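**Q** Give me a model of this one.
(one chain, ligands or ions: 1)
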Amino acid sequence: MLGGRILHGGDYNPDQWLDHPEIFEEDVKLMKAAHVNCVSLGIFAWAALEPEEGVYQLDWMDHIITRLEQEGIQVVLATPSGAMPHWLTQKYPEVMQVQADGRRNLPGKRHNFCYTSPVMRQKITEMDRELAKRFGRRSNVILWHISNELGGNFADSVCHCELCQAAFRKWLKKKYGTLDNLNRAWWNYFWSHTYTDWEQIHSPVPNGETTSTALFLDWRRFSTEQMNDFYQLEARTVKEYSDLPATTNFMYFFKGLDYNRMKKGVDIISWDNYPFWHKEKDEVPTAVKAAASHSLMRSLNQAPFLMMESSPSAISWRQHNPLKRPGMHMLSGMQALAHGSDSVQYFQWRKGRGGFEKFHGAVMDHKNGSNTRVFRDVAELGERLEGLGELLSHTVNRPKAAIVFDWENWWALEDTQGPRLDFNYVKTILAHYRTFWEQGIEADLISMDASLEGYHLVTAPLNYLYKDGYAKRVREFTAGGGTFVTTCFSGMVDETDLCFTGHHPLYDVLGIEQEEIDAPSEEFENRFTYEGTVYPAQNLCEIVHAAEDTEVLASYETDFYAGAPVITRHAFGKGRAYYLAAESGLEFLRDFYRKLFVETGLENALKTELPYGVTVTERLGEDGKRVIFVMNFKNEPVRIEGTGSWTDAETKAAYDGTLLLEPFECKVLI
Ligand code: GAL
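**A** Now for the predicted structure:
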């Protein structure tokens, strides 16, 4: 646990108030009152730190770090590349990103720099070096925060300038060696797309190449690596003068960057969490999405992560922005901890008087000082976190189930012309994750590169693209006793979107042969019966053939493919593999996984049925310590029966068999 405690605080942007020292003094005083122990400093402060090229003004920051140190408040110190000063863009236009249509951006906004530009790299390196020299060894500085939400505002998160094009070609040369290899891997013989000169290769853009899916894949891989290279340059620079770990704040399911590649060199994963609470009365879909995002971030390094940002109140960038209703601030903070976060950090400490985000929720509002509902909510949570630090230190969730979620599959699936053009991979993943969440079974969200060791159950919905080595790992996992589940339209293509010929790469494990795939309109919806219940077969209905030793658990009931298998189970080595040939609804997924959990010995920590809206997670210590979080996402009390005996970690109350939770309550049990 970084700094030995659960971090509580968040983005602090005092560069807006340098002419008001009294505000800073008030901030420090009220941070103490709000149980804030850590701030993220200087995230967008480049203009204040280097007002003119080569002229550095770091004294104000020194004063702030020193005062915070006196008050026992730690600092996550940011590098300021997230927003460029005007002197930089005016003098060196090449630092600004070029859009897909070839137009260079004009100055303004933020998150809009070219990550290849040598000038940008040099200027930020010089700035970072100054910061690191001065503050890299200060006792209360605990972590480097490199830039901010890399890729955040980029159209499709990338830059199309000539420097990036040249770097892309270089990257391709390294990967393929010859144009012949590249043409073959990308299937460029179709539509005369054969390249005869490397210079002919251009990034995919709407008024250019929009049809080469292999090009899209490599361009996205390159863009991620180039962004990671930029991250690593900054991290390396600040580490020249300090031994601190570094992070960069990720964004939930962000399609633009493959966080499994971006995590290279990221010592501690962190991310920014802005769920749409109170979007509807049923909070479950929002809670599931936030939970899955936490699980994804934890799974990247299989370690505790930091929730680097969240709003203490409303946000300001959706069409309408509800306030957090009473109880939700506490619950959403606890939810982060429940899935492995070691922090609850906010954007931001104090609302600015002007600028784009002046109405975005902050701990300190424009009016009323600390006498606000939000401030009291924040202080209450902060106090609770102080009490939980020791209990949670050296603990993290260690699920026995995993869902394969892979960016390359996401890109390829949604770019391909196939049975559907409206694939929504994240939505599908969330539907599967939701059935786990509802039953209190935590799942990791892992890439195809991850080890499968230790899991009982691995499920891979819509796993269209197979990376090299993945099929082998699944085969070993299943042979060794694991249960593997996958669905229609899986195992279709390799890493450059070339179709597998002959068989599905795991046909022997799954015990099926795929033949055709139907994407029926609603009127042609099919159905199947599983364990006595009839379910719809919709969206995608694959026609597969079962091998002789494969059990067919359900079949299509109408239309010309009536009788073809919908659910199969095949024993392989010591394990078994399921194939779901058709898509169905949430009802089916719930019933299917419920049975599977029993079969694979997975149960929630309370070993009981959970009411709707309630979930349970568990953090484990190396020493066998177990900490259980029971969360009620309903705005009404719930009663859980058959829970066994537990002690409330905070109140020390004993519970025997029954748990009562207040609206939006989270209990921590040991
Ligand atoms: C984040 C960003 C913050 C702030 C926040 C508002 O994406 O990192 O700087 O803009 O959104 O919700």
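**Q** Surely residue 52 is in contact with residue 87?
**A** Yes: in this structure, residue 52 is within contact of residue 87 by Cβ atoms under 8 Å, at 6.2 Å. Backbone N, C-alpha and C define where each C-beta goes, glycine included.
**Q** neighbour-wise, which of those two wins?
**A** residue 87 (16 against 10; other Cβ atoms under 10 Å).
**Q** Quick one: residues contacting that one.
**A** Shown in contact with residue 87 (Cβ atoms under 8 Å, 6 or more residues apart in numbering): 51-53.
**Q** Please report how far it lies from residue 50.
**A** With distances taken as Cβ to Cβ, to the nearest Å, residue 87 is found 8 Å from residue 50.
**Q** Where does residue 39 sit: helix, strand or coil?
**A** Following DSSP: H, G, I helix; E, B strand; the rest coil, the label given to residue 39 is strand.
**Q** How about the contacts made by it?
**A** Going by Cβ under 8 Å, 6+ apart, residue 39 touches 9-12, 31, 68, 73-76, 349.
**Q** Serialize those to JSON lines and add fields for pLDDT and neighbour count.
**A** Below are the contacts of residue 39 laid out as JSON lines (pLDDT from 0 to 100; neighbours: other Cβ atoms under 10 Å):
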{"residue": "9", "pLDDT": "98", "neighbour count": "27"}
{"residue": "10", "pLDDT": "95", "neighbour count": "26"}
{"residue": "11", "pLDDT": "98", "neighbour count": "25"}
{"residue": "12", "pLDDT": "98", "neighbour count": "27"}
{"residue": "31", "pLDDT": "98", "neighbour count": "23"}
{"residue": "68", "pLDDT": "98", "neighbour count": "26"}
{"residue": "73", "pLDDT": "98", "neighbour count": "20"}
{"residue": "74", "pLDDT": "98", "neighbour count": "22"}
{"residue": "75", "pLDDT": "98", "neighbour count": "26"}
{"residue": "76", "pLDDT": "98", "neighbour count": "31"}
{"residue": "349", "pLDDT": "98", "neighbour count": "23"}
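**Q** Can you add secondary structure and distance to residue 41 and give those back as TSV?
**A** TSV is the format used below for the contacts of residue 39 (DSSP: H, G, I helix; E, B strand; the rest coil; distance: Cβ to Cβ, whole Å):
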residue	secondary structure	distance to residue 41
9	strand	10
10	strand	10
11	strand	8
12	strand	5
31	helix	12
68	helix	8
73	coil	10
74	strand	10
75	strand	5
76	strand	7
349	coil	10
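**Q** Pick the one among the residues you listed closest to residue 421.
**A** Distances from residue 421 to the contacts of residue 39, taken as Cβ to Cβ, are shortest for residue 11 (39.3 Å).
**Q** Does the closest one touch residue 345 like I think?
**A** Yes: Residue 11 lies in contact with residue 345 (Cβ under 8 Å); the separation is 7.4 Å.
**Q** any shared contact partners between the two?
**A** Common neighbours of residue 11 and residue 345 (Cβ under 8 Å, 6+ apart) are 40, 309.
**Q** re earlier: residue 251: which of the contacts of residue 39 is nearest?
**A** Nearest to residue 251 among those: residue 11, at 14.6 Å, using Cβ to Cβ.
**Q** show me what contacts residue 381?
**A** Residue 381 is in contact with 8, 35, 329-330, 333-334, 344, counting by Cβ under 8 Å, 6+ apart.
**Q** try 6 Å
**A** Neighbour list for residue 381: 330, 333 [criterion: Cβ atoms under 6 Å, 6 or more residues apart in numbering].
**Q** Work out for me the element residue 628 sits within.
**A** According to DSSP states H and E, residue 628 maps onto strand 626-632.
**Q** So what's the gap between that strand and the chain middle?
**A** Strand 626-632 has its C-alpha centroid displaced from the chain centroid by 22 Å (Cα atoms, centre = their mean, to the nearest Å).
**Q** Give me the helices and strands touching that strand, please.
**A** Contacts defined by 3 or more Cβ pairs under 6 Å, 6 or more residues apart in numbering; DSSP states H and E place strand 626-632 against strand 614-621, strand 666-669.
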